[in-house]
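A.B. asks: Generate a structure from the sequence data that follows.
(chains A and B)
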Protein chains: 2
Amino acid sequence: MLTLTTFRSVPEFAIGYVRDLRVRWALEEAGLPYLLRALAFEEAATPAYRREQPFSQIPVLQDGGLTLFESGAILLHLGERSPALLPLDADERARATMWMFAALNSVEPYVGNLVNLVVFAAGEPWAAGARPATEAMVDKRLRDLDDWLEGRNWLAKDFSAADILMTTVLRLMDNMEMVERYARVRAYRDRCMARPAFKKALADQVAHFRQAQEAAA
Amino acid sequence: MLTLTTFRSVPEFAIGYVRDLRVRWALEEAGLPYLLRALAFEEAATPAYRREQPFSQIPVLQDGGLTLFESGAILLHLGERSPALLPLDADERARATMWMFAALNSVEPYVGNLVNLVVFAAGEPWAAGARPATEAMVDKRLRDLDDWLEGRNWLAKDFSAADILMTTVLRLMDNMEMVERYARVRAYRDRCMARPAFKKALADQVAHFRQAQEAAA
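C.D. replies: Numbering: from 1, shown residues only, chains lettered A, B, ... in the order given. A predicted model of the protein is given here:
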(Lines give C-alpha, C1' and ligand atoms only; values in the text may rest on other atoms or scores of the structure.)
Protein backbone atom coordinates (compact mmCIF):
# COMPACT_ATOMS: atom_id res chain seq x y z
CA MET A 1 0.00 0.00 0.00
CA LEU A 2 1.10 3.57 -0.66
CA THR A 3 0.98 6.12 2.14
CA LEU A 4 1.43 9.82 1.45
CA THR A 5 2.53 12.10 4.28
CA THR A 6 1.48 15.73 4.38
CA PHE A 7 0.81 18.28 7.10
CA ARG A 8 -2.40 18.24 9.12
CA SER A 9 -2.97 21.91 8.53
CA VAL A 10 -1.27 24.82 6.75
CA PRO A 11 -1.82 28.60 6.59
CA GLU A 12 -4.76 29.69 4.43
CA PHE A 13 -2.58 31.04 1.59
CA ALA A 14 -0.87 27.67 1.16
CA ILE A 15 -4.04 25.63 0.67
CA GLY A 16 -4.04 24.29 -2.89
CA TYR A 17 -0.27 24.81 -3.22
CA VAL A 18 1.23 22.35 -0.73
CA ARG A 19 3.74 20.02 -2.37
CA ASP A 20 1.76 16.87 -1.59
CA LEU A 21 -0.29 18.03 -4.60
CA ARG A 22 2.46 16.80 -6.91
CA VAL A 23 2.24 13.31 -5.49
CA ARG A 24 -1.56 13.29 -5.29
CA TRP A 25 -1.74 14.34 -8.95
CA ALA A 26 0.75 11.66 -10.01
CA LEU A 27 -1.15 9.00 -8.06
CA GLU A 28 -4.40 10.05 -9.77
CA GLU A 29 -2.80 9.95 -13.22
CA ALA A 30 -1.46 6.48 -12.45
CA GLY A 31 -4.72 5.31 -10.89
CA LEU A 32 -2.94 4.22 -7.73
CA PRO A 33 -4.92 4.31 -4.47
CA TYR A 34 -3.22 5.66 -1.36
CA LEU A 35 -3.62 6.37 2.31
CA LEU A 36 -2.89 9.72 3.89
CA ARG A 37 -0.76 10.34 6.98
CA ALA A 38 -1.20 13.85 8.40
CA LEU A 39 1.54 15.40 10.55
CA ALA A 40 1.32 18.29 12.96
CA PHE A 41 4.06 20.87 12.25
CA GLU A 42 5.83 20.02 15.51
CA GLU A 43 5.99 16.33 14.56
CA ALA A 44 8.02 17.24 11.46
CA ALA A 45 10.82 18.44 13.72
CA THR A 46 11.05 15.26 15.82
CA PRO A 47 14.10 12.99 15.52
CA ALA A 48 11.82 10.14 14.40
CA TYR A 49 10.48 12.09 11.42
CA ARG A 50 13.88 13.55 10.59
CA ARG A 51 15.18 10.02 10.12
CA GLU A 52 12.61 9.78 7.31
CA GLN A 53 12.89 13.37 6.09
CA PRO A 54 16.07 15.09 7.31
CA PHE A 55 14.85 18.55 6.27
CA SER A 56 11.52 18.27 8.18
CA GLN A 57 9.55 18.71 4.96
CA ILE A 58 6.64 16.98 3.28
CA PRO A 59 5.74 15.06 1.13
CA VAL A 60 6.99 11.63 2.06
CA LEU A 61 5.77 8.50 0.30
CA GLN A 62 5.90 5.07 1.90
CA ASP A 63 5.72 2.16 -0.52
CA GLY A 64 6.00 -1.07 1.46
CA GLY A 65 9.41 -0.94 3.13
CA LEU A 66 10.62 2.00 1.04
CA THR A 67 10.28 5.53 2.40
CA LEU A 68 11.02 8.35 -0.03
CA PHE A 69 11.15 12.11 0.27
CA GLU A 70 11.66 14.79 -2.45
CA SER A 71 8.68 15.18 -4.76
CA GLY A 72 10.92 14.63 -7.79
CA ALA A 73 12.21 11.31 -6.46
CA ILE A 74 8.71 10.20 -5.51
CA LEU A 75 7.38 10.95 -9.01
CA LEU A 76 10.33 9.15 -10.58
CA HIS A 77 9.58 6.12 -8.40
CA LEU A 78 5.89 6.18 -9.32
CA GLY A 79 6.91 6.62 -12.96
CA GLU A 80 8.58 3.23 -12.77
CA ARG A 81 5.21 1.76 -11.87
CA SER A 82 3.08 3.59 -14.41
CA PRO A 83 3.53 4.58 -18.09
CA ALA A 84 0.94 7.32 -17.41
CA LEU A 85 3.82 9.14 -15.67
CA LEU A 86 6.94 8.14 -17.60
CA PRO A 87 7.22 6.49 -21.03
CA LEU A 88 8.48 2.92 -21.33
CA ASP A 89 10.90 3.69 -24.16
CA ALA A 90 14.33 4.34 -22.59
CA ASP A 91 15.24 7.44 -24.62
CA GLU A 92 11.80 9.01 -24.24
CA ARG A 93 11.92 8.28 -20.54
CA ALA A 94 15.31 9.97 -20.25
CA ARG A 95 13.90 13.07 -22.01
CA ALA A 96 10.92 13.23 -19.65
CA THR A 97 13.23 12.77 -16.66
CA MET A 98 15.43 15.57 -17.99
CA TRP A 99 12.43 17.91 -17.84
CA MET A 100 11.67 16.76 -14.29
CA PHE A 101 15.13 17.96 -13.27
CA ALA A 102 14.73 21.13 -15.36
CA ALA A 103 11.50 22.02 -13.53
CA LEU A 104 13.13 21.47 -10.15
CA ASN A 105 16.63 22.83 -10.72
CA SER A 106 16.44 25.33 -13.62
CA VAL A 107 13.01 26.88 -12.99
CA GLU A 108 11.75 26.32 -9.42
CA PRO A 109 14.73 27.93 -7.62
CA TYR A 110 14.11 31.26 -9.38
CA VAL A 111 10.35 31.06 -8.96
CA GLY A 112 10.90 30.21 -5.30
CA ASN A 113 13.04 33.33 -4.88
CA LEU A 114 10.31 35.51 -6.35
CA VAL A 115 7.65 33.91 -4.15
CA ASN A 116 9.90 34.42 -1.15
CA LEU A 117 10.28 38.11 -1.94
CA VAL A 118 6.60 38.71 -2.65
CA VAL A 119 5.08 36.57 0.10
CA PHE A 120 7.56 36.01 2.91
CA ALA A 121 10.07 38.87 2.76
CA ALA A 122 7.63 41.56 1.56
CA GLY A 123 8.16 43.64 4.70
CA GLU A 124 11.96 43.50 4.62
CA PRO A 125 13.74 46.73 3.71
CA TRP A 126 15.88 44.97 1.07
CA ALA A 127 12.99 43.18 -0.69
CA ALA A 128 12.06 46.00 -3.08
CA GLY A 129 15.69 46.38 -4.18
CA ALA A 130 16.09 42.67 -4.82
CA ARG A 131 12.91 42.35 -6.87
CA PRO A 132 13.98 43.57 -10.35
CA ALA A 133 16.87 41.08 -10.62
CA THR A 134 14.76 38.29 -9.16
CA GLU A 135 11.90 38.95 -11.55
CA ALA A 136 14.26 39.27 -14.52
CA MET A 137 15.64 35.79 -13.88
CA VAL A 138 12.13 34.30 -13.77
CA ASP A 139 11.26 36.17 -16.97
CA LYS A 140 14.33 34.72 -18.67
CA ARG A 141 13.32 31.18 -17.77
CA LEU A 142 9.69 31.70 -18.78
CA ARG A 143 10.79 33.13 -22.13
CA ASP A 144 13.01 30.11 -22.76
CA LEU A 145 10.18 27.79 -21.77
CA ASP A 146 7.78 29.69 -24.04
CA ASP A 147 10.13 29.12 -26.99
CA TRP A 148 10.46 25.43 -26.14
CA LEU A 149 6.67 25.03 -26.08
CA GLU A 150 6.28 26.24 -29.66
CA GLY A 151 4.52 23.38 -31.46
CA ARG A 152 4.44 21.21 -28.33
CA ASN A 153 1.62 20.24 -25.98
CA TRP A 154 3.89 18.86 -23.27
CA LEU A 155 7.52 19.23 -22.22
CA ALA A 156 8.46 15.80 -23.59
CA LYS A 157 6.65 13.83 -26.29
CA ASP A 158 3.65 12.86 -24.15
CA PHE A 159 2.24 14.13 -20.88
CA SER A 160 4.54 13.00 -18.07
CA ALA A 161 5.63 13.53 -14.49
CA ALA A 162 7.69 16.46 -15.80
CA ASP A 163 4.48 18.34 -16.62
CA ILE A 164 3.17 17.71 -13.11
CA LEU A 165 6.30 19.26 -11.62
CA MET A 166 6.45 22.20 -14.05
CA THR A 167 2.76 23.04 -13.62
CA THR A 168 3.03 23.10 -9.85
CA VAL A 169 6.11 25.33 -10.15
CA LEU A 170 4.23 27.73 -12.46
CA ARG A 171 1.22 27.77 -10.13
CA LEU A 172 3.40 29.18 -7.35
CA MET A 173 3.12 32.44 -9.33
CA ASP A 174 -0.68 32.54 -9.37
CA ASN A 175 -1.82 36.16 -9.00
CA MET A 176 1.62 37.52 -9.92
CA GLU A 177 0.90 38.16 -13.63
CA MET A 178 4.19 36.55 -14.62
CA VAL A 179 3.07 33.42 -16.47
CA GLU A 180 0.41 35.54 -18.17
CA ARG A 181 3.15 37.38 -20.10
CA TYR A 182 3.90 34.20 -22.06
CA ALA A 183 0.99 32.91 -24.15
CA ARG A 184 2.39 29.43 -24.74
CA VAL A 185 3.40 28.90 -21.11
CA ARG A 186 -0.01 30.09 -19.96
CA ALA A 187 -1.83 27.79 -22.41
CA TYR A 188 0.44 24.91 -21.39
CA ARG A 189 -0.24 25.45 -17.68
CA ASP A 190 -3.99 25.65 -18.34
CA ARG A 191 -3.85 22.49 -20.49
CA CYS A 192 -2.17 20.62 -17.64
CA MET A 193 -4.62 21.98 -15.08
CA ALA A 194 -7.58 20.89 -17.23
CA ARG A 195 -6.67 17.25 -16.66
CA PRO A 196 -9.16 15.38 -14.48
CA ALA A 197 -6.35 13.97 -12.35
CA PHE A 198 -5.16 17.47 -11.49
CA LYS A 199 -8.67 18.59 -10.58
CA LYS A 200 -9.23 15.55 -8.38
CA ALA A 201 -5.88 15.99 -6.62
CA LEU A 202 -6.46 19.70 -6.02
CA ALA A 203 -9.99 19.11 -4.69
CA ASP A 204 -8.67 16.40 -2.37
CA GLN A 205 -5.92 18.63 -1.00
CA VAL A 206 -8.30 21.53 -0.43
CA ALA A 207 -10.84 19.25 1.27
CA HIS A 208 -8.12 17.82 3.53
CA PHE A 209 -6.99 21.22 4.79
CA ARG A 210 -10.53 22.63 5.07
CA GLN A 211 -11.45 19.66 7.25
CA ALA A 212 -8.55 20.51 9.57
CA GLN A 213 -9.74 24.13 9.73
CA GLU A 214 -13.27 23.03 10.63
CA ALA A 215 -12.01 20.61 13.25
CA ALA A 216 -10.00 23.44 14.84
CA ALA A 217 -12.87 25.96 14.72
CA MET B 1 30.29 7.31 -28.03
CA LEU B 2 29.61 9.87 -25.30
CA THR B 3 30.18 13.55 -26.01
CA LEU B 4 30.15 16.11 -23.22
CA THR B 5 29.46 19.74 -24.06
CA THR B 6 30.97 22.55 -22.00
CA PHE B 7 32.07 26.10 -22.67
CA ARG B 8 35.31 26.88 -24.46
CA SER B 9 36.31 29.36 -21.79
CA VAL B 10 34.91 30.79 -18.55
CA PRO B 11 35.91 33.62 -16.17
CA GLU B 12 38.87 32.83 -13.92
CA PHE B 13 36.76 32.45 -10.74
CA ALA B 14 34.64 29.73 -12.37
CA ILE B 15 37.50 27.44 -13.33
CA GLY B 16 37.18 24.23 -11.29
CA TYR B 17 33.51 24.93 -10.55
CA VAL B 18 31.82 24.66 -13.97
CA ARG B 19 28.96 22.15 -13.94
CA ASP B 20 30.55 19.89 -16.55
CA LEU B 21 32.63 18.75 -13.53
CA ARG B 22 29.65 16.73 -12.30
CA VAL B 23 29.50 14.80 -15.55
CA ARG B 24 33.27 14.44 -15.87
CA TRP B 25 33.42 13.05 -12.32
CA ALA B 26 30.58 10.60 -12.98
CA LEU B 27 32.22 9.44 -16.21
CA GLU B 28 35.50 8.84 -14.37
CA GLU B 29 33.75 6.88 -11.59
CA ALA B 30 32.02 4.76 -14.23
CA GLY B 31 35.19 4.34 -16.32
CA LEU B 32 33.41 5.61 -19.43
CA PRO B 33 35.53 7.39 -22.07
CA TYR B 34 34.12 10.55 -23.66
CA LEU B 35 34.77 13.27 -26.19
CA LEU B 36 34.53 16.96 -25.41
CA ARG B 37 32.62 19.57 -27.42
CA ALA B 38 33.55 23.15 -26.45
CA LEU B 39 31.11 25.99 -27.13
CA ALA B 40 31.80 29.71 -27.33
CA PHE B 41 29.38 31.65 -25.09
CA GLU B 42 27.66 33.16 -28.12
CA GLU B 43 27.00 29.70 -29.57
CA ALA B 44 24.97 28.80 -26.47
CA ALA B 45 22.42 31.45 -27.44
CA THR B 46 21.90 30.22 -31.00
CA PRO B 47 18.58 28.63 -32.01
CA ALA B 48 20.43 25.42 -32.93
CA TYR B 49 21.88 25.01 -29.44
CA ARG B 50 18.66 26.09 -27.76
CA ARG B 51 16.91 23.18 -29.45
CA GLU B 52 19.33 20.98 -27.45
CA GLN B 53 19.42 23.13 -24.32
CA PRO B 54 16.53 25.61 -24.12
CA PHE B 55 18.14 27.56 -21.25
CA SER B 56 21.48 28.07 -23.09
CA GLN B 57 23.35 26.24 -20.34
CA ILE B 58 25.94 23.51 -20.14
CA PRO B 59 26.51 20.59 -19.63
CA VAL B 60 24.88 18.59 -22.38
CA LEU B 61 25.64 14.90 -22.91
CA GLN B 62 25.15 13.18 -26.24
CA ASP B 63 24.86 9.40 -26.06
CA GLY B 64 24.28 8.07 -29.56
CA GLY B 65 20.98 9.59 -30.67
CA LEU B 66 20.05 10.81 -27.21
CA THR B 67 20.87 14.38 -26.18
CA LEU B 68 20.40 15.25 -22.52
CA PHE B 69 20.76 18.41 -20.49
CA GLU B 70 20.47 18.97 -16.71
CA SER B 71 23.36 17.52 -14.74
CA GLY B 72 20.94 15.53 -12.56
CA ALA B 73 19.31 13.87 -15.56
CA ILE B 74 22.69 13.14 -17.13
CA LEU B 75 23.96 11.47 -13.93
CA LEU B 76 20.75 9.46 -13.64
CA HIS B 77 21.20 8.29 -17.23
CA LEU B 78 24.83 7.33 -16.62
CA GLY B 79 23.71 5.61 -13.40
CA GLU B 80 21.65 3.24 -15.53
CA ARG B 81 24.85 2.21 -17.27
CA SER B 82 27.07 1.88 -14.22
CA PRO B 83 26.60 0.51 -10.69
CA ALA B 84 29.53 2.74 -9.69
CA LEU B 85 26.99 5.59 -9.85
CA LEU B 86 23.68 4.02 -8.79
CA PRO B 87 23.07 0.69 -7.02
CA LEU B 88 21.36 -2.15 -8.88
CA ASP B 89 18.92 -2.94 -6.05
CA ALA B 90 15.68 -1.05 -6.78
CA ASP B 91 15.08 0.29 -3.25
CA GLU B 92 18.71 1.31 -2.76
CA ARG B 93 18.65 2.98 -6.15
CA ALA B 94 15.51 4.92 -5.21
CA ARG B 95 17.21 6.13 -2.02
CA ALA B 96 20.29 7.31 -3.93
CA THR B 97 18.06 9.03 -6.50
CA MET B 98 16.16 10.71 -3.67
CA TRP B 99 19.43 12.27 -2.51
CA MET B 100 20.20 13.41 -6.06
CA PHE B 101 16.96 15.40 -6.00
CA ALA B 102 17.67 16.60 -2.46
CA ALA B 103 21.06 17.99 -3.50
CA LEU B 104 19.52 19.81 -6.47
CA ASN B 105 16.18 20.96 -5.05
CA SER B 106 16.58 21.17 -1.26
CA VAL B 107 20.19 22.35 -0.97
CA GLU B 108 21.52 23.89 -4.20
CA PRO B 109 18.84 26.62 -4.55
CA TYR B 110 19.80 28.11 -1.17
CA VAL B 111 23.52 27.74 -1.78
CA GLY B 112 22.99 29.34 -5.19
CA ASN B 113 21.30 32.32 -3.56
CA LEU B 114 24.22 32.81 -1.19
CA VAL B 115 26.75 32.54 -4.02
CA ASN B 116 24.70 35.02 -6.02
CA LEU B 117 24.77 37.51 -3.15
CA VAL B 118 28.46 37.11 -2.38
CA VAL B 119 29.81 36.86 -5.92
CA PHE B 120 27.40 38.43 -8.41
CA ALA B 121 25.26 40.91 -6.46
CA ALA B 122 27.97 41.99 -4.00
CA GLY B 123 27.84 45.59 -5.19
CA GLU B 124 24.04 45.93 -5.07
CA PRO B 125 22.66 48.16 -2.32
CA TRP B 126 20.19 45.44 -1.18
CA ALA B 127 22.76 42.61 -0.99
CA ALA B 128 23.93 43.28 2.58
CA GLY B 129 20.33 43.37 3.84
CA ALA B 130 19.45 40.10 2.14
CA ARG B 131 22.48 38.24 3.46
CA PRO B 132 21.41 37.23 6.99
CA ALA B 133 18.22 35.46 5.85
CA THR B 134 20.03 33.87 2.90
CA GLU B 135 22.85 32.61 5.09
CA ALA B 136 20.41 31.36 7.76
CA MET B 137 18.65 29.17 5.21
CA VAL B 138 21.96 27.63 4.08
CA ASP B 139 22.90 27.07 7.72
CA LYS B 140 19.62 25.28 8.34
CA ARG B 141 20.21 22.91 5.44
CA LEU B 142 23.84 22.27 6.43
CA ARG B 143 22.79 21.53 10.00
CA ASP B 144 20.18 19.03 8.79
CA LEU B 145 22.73 17.45 6.49
CA ASP B 146 25.25 17.28 9.33
CA ASP B 147 22.73 15.35 11.44
CA TRP B 148 21.99 12.98 8.57
CA LEU B 149 25.70 12.24 8.11
CA GLU B 150 26.09 11.00 11.69
CA GLY B 151 27.38 7.44 11.33
CA ARG B 152 27.36 7.59 7.53
CA ASN B 153 30.11 7.89 4.96
CA TRP B 154 27.81 8.71 2.06
CA LEU B 155 24.29 10.09 1.59
CA ALA B 156 22.88 6.68 0.66
CA LYS B 157 24.32 3.28 1.55
CA ASP B 158 27.26 3.41 -0.86
CA PHE B 159 28.96 6.21 -2.76
CA SER B 160 26.65 7.29 -5.60
CA ALA B 161 25.79 10.00 -8.09
CA ALA B 162 24.05 11.78 -5.20
CA ASP B 163 27.43 12.36 -3.55
CA ILE B 164 28.80 13.82 -6.78
CA LEU B 165 25.95 16.33 -6.91
CA MET B 166 26.07 17.20 -3.20
CA THR B 167 29.85 17.67 -3.19
CA THR B 168 29.74 20.01 -6.17
CA VAL B 169 26.96 21.98 -4.44
CA LEU B 170 29.02 22.24 -1.24
CA ARG B 171 32.12 23.31 -3.20
CA LEU B 172 30.24 26.37 -4.49
CA MET B 173 30.84 27.72 -0.96
CA ASP B 174 34.63 27.28 -1.02
CA ASN B 175 36.24 30.23 0.83
CA MET B 176 32.94 31.18 2.51
CA GLU B 177 33.57 29.37 5.84
CA MET B 178 30.06 27.92 5.78
CA VAL B 179 30.71 24.19 5.34
CA GLU B 180 33.55 24.54 7.86
CA ARG B 181 30.98 25.15 10.63
CA TYR B 182 29.75 21.55 10.31
CA ALA B 183 32.37 18.93 11.07
CA ARG B 184 30.54 15.98 9.51
CA VAL B 185 29.62 17.88 6.35
CA ARG B 186 33.19 19.07 6.00
CA ALA B 187 34.61 15.58 6.50
CA TYR B 188 32.04 14.19 4.04
CA ARG B 189 32.94 16.76 1.38
CA ASP B 190 36.66 16.06 1.87
CA ARG B 191 36.05 12.29 1.69
CA CYS B 192 34.27 12.74 -1.64
CA MET B 193 36.97 15.04 -2.97
CA ALA B 194 39.67 12.53 -2.04
CA ARG B 195 38.34 10.09 -4.64
CA PRO B 196 40.69 9.61 -7.60
CA ALA B 197 37.80 10.14 -10.03
CA PHE B 198 37.10 13.58 -8.57
CA LYS B 199 40.75 14.57 -8.76
CA LYS B 200 41.03 13.42 -12.37
CA ALA B 201 37.83 15.23 -13.37
CA LEU B 202 38.90 18.44 -11.65
CA ALA B 203 42.37 18.35 -13.20
CA ASP B 204 40.83 17.76 -16.63
CA GLN B 205 38.44 20.68 -16.28
CA VAL B 206 41.17 23.02 -15.09
CA ALA B 207 43.48 21.92 -17.93
CA HIS B 208 40.71 22.50 -20.48
CA PHE B 209 40.07 26.07 -19.40
CA ARG B 210 43.76 26.91 -18.91
CA GLN B 211 44.39 25.76 -22.46
CA ALA B 212 41.71 28.18 -23.70
CA GLN B 213 43.36 30.99 -21.71
CA GLU B 214 46.77 30.23 -23.22
CA ALA B 215 45.32 30.05 -26.73
CA ALA B 216 43.73 33.47 -26.22
CA ALA B 217 46.87 35.04 -24.70
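
A.B. asks: Skip the chain neighbours and tell me the closest residue to the most centrally placed residue in chain A.
C.D. replies: The centre of chain A sits closest to A:Thr168, judged by CA atoms, centre = their mean, with a distance of 4.0 Å. Sequence neighbours aside, A:Arg22 is the residue nearest to A:Thr168 in space, at 5.2 Å (criterion: CB to CB, 6 or more residues apart in numbering or on different chains). Using the backbone N, CA and C atoms, a C-beta is placed for each residue, glycine as well.

A.B. asks: For that neighbour, list the residues it contacts.
C.D. replies: Under the criterion of CB atoms under 8 Å, 6 or more residues apart in numbering or on different chains, the contact partners of A:Arg22 comprise A:Pro59, A:Ser71, A:Ile74, A:Leu75, A:Ile164, A:Leu165, A:Thr168.

A.B. asks: Now a ChimeraX select for only the buried ones of the residues you listed.
C.D. replies: The buried residues among these can be selected in ChimeraX (16 or more other CB atoms under 10 Å in any protein chain shown) with this line:
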select /A:59,71,74,75,164,165,168
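
A.B. asks: of the contacts of A:Arg22, closest to A:Ala128?
C.D. replies: Here the nearest of the contacts of A:Arg22 to A:Ala128, counting by CB to CB, is A:Thr168; it sits at 27.5 Å.

A.B. asks: quick one: that closest one and A:Val18 touch, right?
C.D. replies: No. With contact defined as CB atoms under 8 Å, A:Thr168 does not count as touching A:Val18 (9.9 Å).

A.B. asks: host element of the closest residue to A:Gly112 other than its chain neighbours?
C.D. replies: Computed as CB to CB, 6+ apart, the closest residue to A:Gly112 that is not its neighbour in sequence is B:Pro109, at 6.2 Å. Under the assignment given by DSSP states H and E, the secondary-structure element containing B:Pro109 is helix B:108-115.

A.B. asks: for that helix, packing partners?
C.D. replies: Other helices and strands packing on helix B:108-115, by 3 or more CB pairs under 8 Å, 6 or more residues apart in numbering or on different chains; DSSP states H and E, are helix A:108-115, helix B:127-148, helix B:161-171.

A.B. asks: Could you identify which of the ones you listed is most buried?
C.D. replies: Per-residue neighbour counts averaged over each of the helices and strands packed on helix B:108-115 give the maximum for helix B:161-171, namely a mean of 25 (mean count of other CB atoms under 10 Å in any protein chain shown).

A.B. asks: now A:Gln53, nearest residue through space, not along the chain?
C.D. replies: Ranked by CB to CB, 6+ apart and with sequence neighbours excluded, the top spatial neighbour of A:Gln53 is A:Phe69, at 4.5 Å.

A.B. asks: And the pLDDT at the one you found?
C.D. replies: Turning to A:Phe69, the model gives it a pLDDT of 98.

A.B. asks: That one contacts B:Trp99, correct?
C.D. replies: No. The pair A:Phe69 and B:Trp99 does not pass the contact test of CB under 8 Å, sitting 9.5 Å apart.

A.B. asks: Give the helix, strand or coil label for the most far-flung residue of chain A relative to its centre.
C.D. replies: Among the residues of chain A, the one whose C-alpha is farthest from the average of all C-alpha positions is A:Pro125, by CA atoms, centre = their mean at 29.7 Å. Per DSSP: H, G, I helix; E, B strand; the rest coil, the secondary structure class of A:Pro125 is coil.

A.B. asks: Could you pull up the residues touching the nearest residue to it once chain neighbours are set aside?
C.D. replies: Leaving aside its sequence neighbours, A:Pro125 sits nearest to B:Gly129 (CB to CB, 6+ apart; 5.8 Å). B:Gly129 makes contact with A:Glu124, A:Pro125, A:Trp126, A:Gly129 under the criterion CB under 8 Å, 6+ apart.

A.B. asks: any idea how far B:Gly129 is from A:Leu76?
C.D. replies: From B:Gly129 across to A:Leu76, the span is 38 Å (CB to CB, to the nearest Å).

A.B. asks: and if you look at A:Phe209?
C.D. replies: Between A:Phe209 and A:Leu76 the distance is 26 Å, computed by CB to CB.

A.B. asks: Between those two, point out the one with more neighbours.
C.D. replies: A:Leu76 (26 against 21; other CB atoms under 10 Å in any protein chain shown).

A.B. asks: Perfect, I'm done here.
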